[in-house]
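Novice: With the sequence up front, the predicted model follows.
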Amino acid sequence: LRKWDRLAAERADHFIGNSKYVAERIKKYYGREADVIYPSVDTDEFELSERSGDYYLAVGRLIPYKRFDLLVDTFNSLGLPLYIVGDGKEFATLKERAADNVKLMGFVSEGELKNYYVGAKAFLFPQKEDFGIVPVEAMACGKPVIAYGEGGALETIVDGKTGVLFEEQTVESLSKAVRKFEKMHDDEKFDPKVIRAHAETFSKERFQDELKKYLEELIS
């Protein structure tokens, strides 16, 4: 499969990566340069909320690499309220592992998900992703993001302005980031309007314009 994949890659005229992180992998494994066009996030579908919520929120498929286990263990220790929205093969295990302050909500509708975003104090993103759509959705609601500082999160989250980054996927590192966020939040360091404006730089309209311009330049 690796040989077939490499041969197929050599037949491509141009590469587009959905983040600089992916472009670096294309360079490493295929030896090719890639232009970066960030994915579209339908930011207009999400409502700006300028009020602070009373719980932390995480959203996604409950599978091992997304590290919801890290969130459960950390918030079990911190005792702060955490809502986890999503379903997957780890649901039962995580639910059994979670303390009373950690609630697993399972699958919810799009309307319910938007309400969870609006009611959150901050969004949690403990995994390493190529880009990561859900943190941008949360920021479109004006919510700061506490994220693992690897992969696409380094390109969507501005540390100290739209959220807080943590260095290691450990309870200690995430706990430190949450405590840092709590202090910054109390000091009103995060402006929901600024966070929303940053999310809009990843809008659907921006994606369409960039992709159209890129293709027009290639065929002109």
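Specialist: Right, received. Where do you want to start?

Novice: Give me the pLDDT value at the most centrally placed residue in the chain.
Specialist: By CA atoms, centre = their mean, the chain has its centre lying nearest to P135, at 3.3 Å. The model reports P135 with a pLDDT of 98.

Novice: How about the one 4 residues further on?
Specialist: With respect to pLDDT, M139 scores 98.

Novice: For it, the count of nearby residues, please.
Specialist: Per other CB atoms under 10 Å, the neighbour tally for M139 reads 31. Backbone N, C-alpha and C define where each C-beta goes, glycine included.

Novice: and the strand or helix carrying it, what does it pack onto?
Specialist: Following DSSP states H and E, one finds M139 within helix 133-140. Helix 133-140 sits against strand 55-59, strand 120-125, strand 145-148, helix 153-156, helix 192-199, with contacts defined as 3 or more CB pairs under 8 Å, 6 or more residues apart in numbering; DSSP states H and E.

Novice: distance of the closest residue to R97 other than its chain neighbours from K95?
Specialist: Closest residue to R97 apart from its sequence neighbours, by CB to CB, 6 or more residues apart in numbering: V72 at 5.3 Å. Distance of V72 to K95, computed by CB to CB, to the nearest Å: 9 Å.

Novice: where along this protein do the helices fall?
Specialist: Secondary structure of the chain (DSSP state H): helices at 2-10, 20-30, 68-78, 91-97, 110-119, 133-140, 153-156, 171-186, 192-199, 204-219.

Novice: tell me the most buried of those helices?
Specialist: Most buried of those, by mean neighbour count (mean count of other CB atoms under 10 Å): helix 133-140, with a mean of 25.

Novice: before we move on, the earlier item: can I get the helix holding M139 as PDB, trimmed to CA atoms?
Specialist: Taking Å, rounded to 0.1, in the frame of the first residue of the first chain, the C-alpha atoms of helix 133-140 are listed here in PDB:
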ATOM      1  CA  ILE A 133     -13.200  21.900  13.200                       C
ATOM      2  CA  VAL A 134     -14.900  21.800  16.600                       C
ATOM      3  CA  PRO A 135     -12.500  24.300  18.400                       C
ATOM      4  CA  VAL A 136     -13.300  26.800  15.600                       C
ATOM      5  CA  GLU A 137     -17.100  26.300  16.100                       C
ATOM      6  CA  ALA A 138     -16.600  26.900  19.800                       C
ATOM      7  CA  MET A 139     -14.600  30.100  19.100                       C
ATOM      8  CA  ALA A 140     -17.400  31.200  16.700                       C
END
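
Novice: tilt between that helix and strand 55-59?
Specialist: 140 degrees (axes from the mean of the first three to the mean of the last three CA atoms, to 10 degrees).

Novice: Quick one: residues in contact with helix 133-140.
Specialist: 39, 41, 43, 45-46, 48, 57, 59-60, 117, 120, 123, 125, 145, 147, 153, 156-157, 162-163, 195-196, 198-200, 202 (CB atoms under 8 Å, 6 or more residues apart in numbering).

Novice: Quick check on those residues: which are buried?
Specialist: Burial by neighbour count, judged by 16 or more other CB atoms under 10 Å, picks out 41, 43, 46, 48, 57, 59-60, 117, 120, 123, 125, 145, 147, 153, 156-157, 162-163, 195-196, 198-200, 202 from the contacts of helix 133-140.
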